[in-house]
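# Below are the sequence and a predicted model for it; my questions follow.
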Amino acid sequence: RVANTPSVTVPSGMPANPRAFEQPPEITRRFFPDPDIEFPTPALSRSKGFTTQLELLAFIEQLSKRSTALHKRELTRTVRGRSIPILVFARSADGMPATVAASGRPTVWIHAQQHGDEPAAGEAALAVAWALTDSLSWLLDRINVVIVPRVNPDGAAKHERHAANRMDVNRDSMRMLLAE
C-alpha cells in the first residue's frame with residue numbers, strides 16, 4: 001500500500017482489476033433495459049460491430065431519399081482519400097450556408113468520432129440523423145441541424161485514435177492543419 005492513498009475493497013467475486021470487470025447480466029437487465037425504441041442504423045441493427053465507412057455512406061444515401069430537408073455533401077476528403085460527409089437538415093431550397101443562415105432558425109452543429117477508436121458518438125449521430133428523417137422531423141420547422149457523423153474515417157477504418165498522419169484530430173481545432 002502506498003502512503004496516503006485510500007485502500008480499495010473489492011467485493012467478493014469481483015476481479016481486483018477494474019478493466020477486467022464484466023457487468024453481471026442480471027444487473028444489466030434490471031438497471032439498463034433495452035429502450036423501447038429502434039434506430040435502424042447499420043451498427044444498431046445488428047448485435048456486433050460498428051458502422052463501416054461504406055455502410056455509413058450507403059446509410060446517408062438512404063436517408064437522403066427519406067427527407068427533402070436533408071442536403072448531403074462531402075465536407076472534404078481525408079489524407080487517405082476517404083470522404084467526410086456533412087448532412088445539413090434544413091427547410092431551405094439548397095441547404096447552402098447562406099440560405100440556412102437566412103432562415104433565421106438556430107443551427108445545431110453535431111460532429112462525432114474525432115477519435116477513430118471511439119465510435120459510439122458516430123453511431124449516435126447516425127441515429128439522430130435517422131430520427132430527423134422520421135419522428136423528429138418536426139424539429140426542422142424550428143431549427144436547422146448540421147451533422148458530421150464521422151470526422152476521422154481514416155482512424156475509424158483502423159480503429160485507432162489518430163488520423164492517418166498520426167495527429168489527434170481534436171487537438172487540431174485551433175491550428176486546423178488537418179483536412180479532417
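Arrived safely.

# ok, for the residue at minimal distance from the centre of the chain, nearest residue in space, not its chain neighbours?
Closest to where the C-alpha atoms of the chain average out (C-alpha atoms, centre = their mean) is residue 122, at 1.6 Å. Once flanking residues are discounted, residue 122 sits nearest to residue 113: 3.5 Å by C-beta to C-beta, 6 or more residues apart in numbering. Placement of C-beta: from N, CA and C, glycine included.

# Might one say that that neighbour is in contact with residue 157?
No. If you go by C-beta atoms under 8 Å, residue 113 and residue 157 don't touch, sitting 11.2 Å apart.

# Those two: which has the busier surroundings?
residue 113 (27 against 16; other C-beta atoms under 10 Å).

# Can you tell me the SS state at the more buried one?
coil (DSSP: H, G, I helix; E, B strand; the rest coil).

# ok, now which ones touch it?
119, 121, 122, 125, 149, 150, 151, 152, 155, 156 (C-beta atoms under 8 Å, 6 or more residues apart in numbering).

# pretty sure the last one is in contact with residue 54, am I right?
No. With contact defined as C-beta under 8 Å, residue 156 does not count as touching residue 54 (11.6 Å).

# These two: which is more packed in?
residue 156 (24 against 9).

# who's in contact with the more buried one?
50, 53, 113, 116, 119, 122, 150.

# Against residue 126, how distant is it?
12 Å (C-beta to C-beta, to the nearest Å).

# And residue 22, by the same measure?
27 Å.

# rewinding a little: mind putting the contacts of residue 113 in a markdown table, pLDDT, secondary structure and distance to residue 75 included?
What follows is the contacts of residue 113, written out as a markdown table (pLDDT from 0 to 100; DSSP: H, G, I helix; E, B strand; the rest coil; distance: C-beta to C-beta, whole Å):
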| residue | pLDDT | secondary structure | distance to residue 75 |
| --- | --- | --- | --- |
| 119 | 88 | coil | 19 |
| 121 | 93 | helix | 17 |
| 122 | 95 | helix | 14 |
| 125 | 96 | helix | 13 |
| 149 | 96 | coil | 11 |
| 150 | 94 | coil | 10 |
| 151 | 91 | coil | 9 |
| 152 | 91 | coil | 12 |
| 155 | 89 | helix | 16 |
| 156 | 88 | helix | 15 |
